[in-house]
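A.B. asks: Sharing a sequence plus its predicted fold:
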Amino acid sequence: GEEILVARDDADVAEIMRTLTPQRAKAIGAAALRRVLAEHTYTLRARLVDDIFKAHFERRAMEAAE
């Protein structure tokens, strides 16, 4: 992967550890950091929480109107 390595079992972990070069590990770490900084910001989390609250209160308002 570009940002993570996935192992299905202990044999996969062993193979990844055996073949992973320091350069590849550094590239994966850099890609992961870029993604975290781009997609896991306070602004994005605030929007997500706001959307959840809006959906909840809209649903409650509709239920109350019935």
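C.D. replies: Received the coordinates, thanks.

A.B. asks: Based on its surroundings, how many neighbours for residue 45?
C.D. replies: Residues lying near residue 45 (other Cβ atoms under 10 Å) number 10. For glycine as for every other residue, the C-beta is placed from the backbone atoms N, C-alpha and C.

A.B. asks: Check the one 5 residues further on too.
C.D. replies: The number of residues packed around residue 50, counting by other Cβ under 10 Å, is 10.

A.B. asks: contacts for the one helix or strand it maps to?
C.D. replies: Assigned by DSSP states H and E, residue 50 belongs to helix 42-65. For helix 42-65, there are no surrounding residues in contact (Cβ atoms under 8 Å, 6 or more residues apart in numbering).

A.B. asks: Mean confidence (pLDDT) on it, please.
C.D. replies: Per-residue pLDDT values over helix 42-65 give a mean of 96.

A.B. asks: list the buried ones in it?
C.D. replies: When burial is assessed from 16 or more other Cβ atoms under 10 Å, helix 42-65 yields no buried residues.
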